[in-house]
Structure formats: structure tokens, C-alpha cells
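**Q** below is the structure, and that's it, no one-letter string:
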């Protein structure tokens, strides 16, 4: 099951990358709106899948830790 989740996550990330690239091109207003909507839908789908596949949430601290700044633990 984990392999399938990784494959689906990879597909969503590839789609997001493709849509972001398309937004950098010359598009009509209707095309741009469509791509922006699809981008939002893909992002939402990726977040939902990641939350289901990896339910534990890890947060990165804003301030660097003592280990990260000095290389040694105090």
C-alpha cells in the first residue's frame, strides 16, 4: 500500500510541477483560470493523500537548534 501511496504522491507532484510550468507560459484568461483551478485541486488532493498516508505531523522549529548551529549537542 505504501508503494501505491508514494506513486500517487509522485503523480500529484508531477502534475503540480507541470501546471506551474504552464502558468509561466502565455495563456488566455480562460486557460489561466483553468490551470489555476487544477493547480489548487491537485494541491488539495496531495495534502489529503499525504495526511492519510502519513498521519503523524512533524513540525520544523523556526529557530535553529543548538545542534544545527554548532554541530554539537549542548
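**A** Perfect, I can see it now. Since we're looking at a predicted model, the values are computed, not measured. Residues are numbered from 1 along each chain as shown.

**Q** tell me how many other residues crowd the residue nearest to residue 27 when sequence neighbours are not counted.
**A** On the basis of C-beta to C-beta, 6 or more residues apart in numbering, the spatially nearest residue to residue 27 that is not a chain neighbour turns out to be residue 35, at 6.7 Å. In short, each C-beta sits where N, CA and C put it, glycine included. Burial measure for residue 35: 18 neighbouring residues, criterion other C-beta atoms under 10 Å.

**Q** now do the contacts for residue 35.
**A** Taking C-beta atoms under 8 Å, 6 or more residues apart in numbering as the contact definition, residue 35 lies against 19, 22, 23, 27.

**Q** state which helix of the protein is the longest.
**A** With DSSP state H setting the assignment, residue counts place helix 29-53 as the longest helix in the chain.

**Q** in that one, which residues are buried?
**A** By neighbour count, and taking 16 or more other C-beta atoms under 10 Å as the criterion, the buried residues in helix 29-53 are 35, 39, 42, 45, 46.

**Q** roughly how far apart are the nearest residue to the last one once chain neighbours are set aside and residue 29?
**A** Right, residue 46. Here the nearest residue to residue 46 in space, its sequence neighbours aside, is residue 12; by C-beta to C-beta, 6+ apart that works out to 4.0 Å. Note on residue 12: its distance to residue 29, by C-beta to C-beta, to the nearest Å, is 26 Å.

**Q** out of the contacts of residue 35, which sit inside helices?
**A** Where the contacts of residue 35 overlap with helices, as defined by DSSP H, the overlap consists of 19, 22, 23.

**Q** could I get those residues as a markdown table with distance to residue 2 and neighbour count?
**A** What follows is those, written out as a markdown table (distance: C-beta to C-beta, whole Å; neighbours: other C-beta atoms under 10 Å):
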| residue | distance to residue 2 | neighbour count |
| --- | --- | --- |
| 19 | 26 | 19 |
| 22 | 30 | 16 |
| 23 | 32 | 13 |
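
**Q** which one of those is nearest residue 53?
**A** Closest to residue 53 out of the ones in helices among the contacts of residue 35 is residue 19 (21.6 Å), distances taken as C-beta to C-beta.

**Q** the closest one and residue 42 touch, don't they?
**A** Yes: using C-beta atoms under 8 Å as the test, residue 19 is close enough to residue 42 to be in contact (6.6 Å).
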